[in-house]
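> Sequence and predicted structure below; questions after.
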Amino acid sequence: MRFELTDIFLANLRAAINSQNGAFVAEQLKELYPPDIAEIFNELKIEEAKYLYTQLDEQVAPDVLVELEDDVRERFLASLTSKEIAEQFIDNMDSDDAADVIAELPDDVQGEVLSHMEDSGQASDIVDLLNYDEHTAGGLMRKEFVRVHVHRKALECVREIREQAHDLEEVYAIYVVDDEEKLIGILHLKKLIVSPIRSIVADIYDPKIISVKTNTLAEEVANVMDKYKLVAIPVVDALGRLVGVITIDDVVDFRREEETEDVQKMGAMEALEEPYMSTPFLQMIRKRAGWLIILFLGETLTATAMGFFQDQIAKAVILALFIPLIISSGGNSGSQASTLIIRALALGEITIRDWWKIVKKEFSTGLVIGLILGVIGYIRVAAWSYFISSYGPNWQLIAFSVSFSLVGVVMWGTLMGSLLPLLLKRLGLDPAVSSAPFVATLVDVTGLIIYFSVSIMFLKGILL
């Protein structure tokens, strides 16, 4: 049954905490999952959270810490000593989660925490993980995994697996290595069970295995796991030695963070470093104002473009009525194309090498959509002229101007929206910064030029 945090539940829990009723608190928490308990932690004061922690099982507490909101975890850890952090949390964590938590601590505290760790081997693993870029496979992997040597017998293999798996929550796979610790394959559990106990691993393992290197970008790792439907993928070093494993939960967390960052960038702002409600006011202003200023200055070019055609506007004021229609159509089509291309790049569906195919596809798409909107635009002017005479005797020329302009602007907007992300990717920049508002601003300016150029062509006898 899904847990729902209510005001009544929270009030009763707080009352029990304040009265030091540990039995009641433990009873309320024993059926909850770590994310549910973390949700409760996020609502409590630090002293209340510290008491709540004392009632948690030592295997559950580290998982709760990982699930906390960043600012809550930071404040909670700041209230503990280095020894408490090491012994009560880090010692019971998977190496990847432990490395993530330690990375958030001040530099001087990191060394103190590691020095208090009981397992020096785990401390070494954590230090090793901290040396990798967080956006690479090395930064995502964990050091806990099950491996067997290729020359072992099946019975010895089972004993090894039992010994190694004792400290693991889940056994995703059994990896096979040679005498130099190089990854050479995978041993399927079913194959191990049905094979004679005297069998040698070399005779029953599967040499077909997909792996990534420690310097492989996290985005590429996510794409590989998605493509081959993997729940775990081994990580090897430059020499091919097995050094870690990345599990699906780590990839899901990475994808969520990246998608959140991309969505925020596509909204014409810098990505927030903390959850929305935890972001300080001044930081929120700084993150949002920069791009808005740039877009505002970009939109001033629209007024400049209109200034070049002020004589034509003065002679046919009716043209100004259709400016919002024209530029919004171009901006919307550009935003659509930009969003589709950015998402396709993120999922690995397309690459920069596909640019010409994308141009042909978007040109055709833009042309058809432009024709559809152009026909609707012509009907709009024609229908309005049937009932009122606002457009005058030259309403057909105005209708053709609007119609053909829509075709041109939509095609241009579609091409701009699809090519800008590819260009930024080629330059080594984040395609998400070619956000919908940014594309729309560029298309607004060029759309006006297209509109008035087409209008002059159809109405040159009136405008010139």
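Right, received. Where do you want to start? Numbering: from 1, shown residues only.

> okay, CA-based contacts and neighbour counts for the rest of this
OK.

> Can you give the contact residues for the host helix or strand of Ala11?
Using DSSP states H and E, Ala11 falls within helix 7-18. By Cα atoms under 8 Å, 6 or more residues apart in numbering, the list of residues contacting helix 7-18 from outside reads Gly22, Phe24, Val25, Gln28, Ile40, Glu48, Tyr51, Leu52.

> run the last query once more with 10 Å
19-25, 28-29, 40, 43-45, 47-52 (Cα atoms under 10 Å, 6 or more residues apart in numbering).

> Helices - which of these land there?
Mapping the contacts of helix 7-18 onto helices (DSSP state H) picks out 22-25, 28-29, 40, 47-52.

> which residues of the stretch 1-150 of the chain fall in helices?
Ranges of helices in the stretch 1-150 of the chain, per DSSP state H, counting those that start in this stretch, are 7-18, 22-29, 34-41, 46-54, 61-67, 70-78, 82-88, 95-103, 107-115, 120-130, 137-140.

> Could I get these in CSV, plus columns for mean pLDDT, distance to Ile204 and mean neighbour count?
Listed next are these as CSV, based on pLDDT from 0 to 100; distance: least, Cα to Cα, whole Å; neighbours: other Cα atoms under 10 Å:
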stretch, mean pLDDT, distance to Ile204, mean neighbour count
helix 7-18, 87, 54, 14
helix 22-29, 84, 45, 15
helix 34-41, 86, 39, 20
helix 46-54, 84, 46, 17
helix 61-67, 82, 36, 21
helix 70-78, 81, 45, 17
helix 82-88, 79, 41, 19
helix 95-103, 83, 30, 21
helix 107-115, 80, 41, 16
helix 120-130, 79, 31, 18
helix 137-140, 91, 29, 28
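
> Of those helices, give the one that comes closest to Ile350.
Comparing the helices of the stretch 1-150 of the chain against Ile350 with Cα to Cα, the closest turns out to be helix 137-140 (21.7 Å).

> which residues sit against the closest one?
Residues from elsewhere that reach helix 137-140, judged by Cα under 10 Å, 6+ apart: 96-97, 99-100, 128-134, 212-222, 233-237, 243-247, 250-251, 253-254.

> Now a ChimeraX select for only the buried ones of those residues.
Buried residues within these, by 16 or more other Cα atoms under 10 Å, are selected in ChimeraX with:
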select :96,97,99,100,129,130,132,134,212,213,214,215,217,218,219,220,221,222,233,234,235,236,237,243,244,245,246,247,250,251,254
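
> can you tell me which of the contacts of helix 137-140 are in strands?
Of those, the ones assigned to strands by DSSP state E are Val212, Lys213, Ile233, Pro234, Val235, Val236, Val243, Gly244, Val245, Ile246, Thr247.

> would you list every one of the strands in the protein?
Along the chain, counting by DSSP E, strands occupy 146-149, 174-177, 183-187, 212-213, 232-236, 242-247.

> quick check: mean pLDDT across the shortest one?
In this model, strand 212-213 has a mean pLDDT of 94.

> just checking, what packs against it?
Strand 212-213 sits against helix 137-140, helix 218-227, strand 232-236, strand 242-247, with contacts defined as 3 or more Cα pairs under 10 Å, 6 or more residues apart in numbering; DSSP states H and E.

> Give me the sheet partners of it and which way each runs.
strand 232-236 (parallel) (DSSP bridges).

> Helix 218-227 and the strand it pairs with, what's the angle between them?
On the basis of axes from the mean of the first three to the mean of the last three Cα atoms, to 10 degrees, strand 232-236 is oriented at 140 degrees to helix 218-227.

> that older thread, please name whichever of the strands of the chain is nearest to Gly366.
Once these are compared by Cα to Cα, strand 212-213 is nearest, at 39.4 Å.

> residues in contact with that closest one?
Strand 212-213 has contacts (Cα under 10 Å, 6+ apart) with 136-138, 218, 220-221, 224, 233-246.

> from the chain's centre, how far out does that strand sit?
Remark: strand 212-213 is offset 21 Å from the chain centroid, using Cα atoms, centre = their mean, to the nearest Å.

> just to revisit the earlier point, which stretch in the strands of the chain has the least confidence?
Among the strands of the chain, strand 146-149 scores lowest, at a mean of 88.

> Rebuild the ones in strands among the contacts of helix 137-140 as CSV, extending it with distance to Ile8.
Output for the ones in strands among the contacts of helix 137-140, formatted as CSV (distance: Cα to Cα, whole Å):
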residue, distance to Ile8
Val212, 49
Lys213, 50
Ile233, 44
Pro234, 46
Val235, 47
Val236, 51
Val243, 48
Gly244, 45
Val245, 42
Ile246, 40
Thr247, 37
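
> closest to Glu67 among those residues?
Nearest to Glu67, judged by Cα to Cα, of the ones in strands among the contacts of helix 137-140 is Thr247 at 16.5 Å.

> now that closest one, nearest residue through space, not along the chain?
Of all residues not flanking Thr247 in the chain, Ala232 sits nearest, at 4.2 Å (Cα to Cα, 6 or more residues apart in numbering).

> Quick check, that neighbour in contact with Val251.
Yes. Using Cα atoms under 10 Å, Ala232 makes contact with Val251 at a distance of 9.4 Å.

> overlap in contacts of these two?
Met141, Met225.

> could you measure the closest residue to Pro62 other than its chain neighbours against Ile449, distance?
Nearest residue to Pro62 in three dimensions, chain neighbours excluded: Phe89, at 5.1 Å (Cα to Cα, 6+ apart). Phe89 sits 63 Å away from Ile449, going by Cα to Cα, to the nearest Å.

> neighbour count winner among the two?
Neighbour totals were compared for Phe89 and Ile449, and Phe89 leads with 22 against 19 (other Cα atoms under 10 Å).

> what sits against Glu134?
Glu134 neighbours (Cα under 10 Å, 6+ apart): Asp100, Ala103, Leu140, Met141, Leu217, Ala218, Phe254.

> Looking at these, spot the one nearest Ser79.
When the contacts of Glu134 are compared against Ser79 (criterion: Cα to Cα), the nearest one is Ala103, at 16.9 Å.

> The contacts of Glu134 into JSON lines, with extra columns for distance to Ile342?
Shown next, in JSON lines, are the contacts of Glu134 (distance: Cα to Cα, whole Å):
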{"residue": "Asp100", "distance to Ile342": "28"}
{"residue": "Ala103", "distance to Ile342": "30"}
{"residue": "Leu140", "distance to Ile342": "24"}
{"residue": "Met141", "distance to Ile342": "27"}
{"residue": "Leu217", "distance to Ile342": "18"}
{"residue": "Ala218", "distance to Ile342": "17"}
{"residue": "Phe254", "distance to Ile342": "17"}
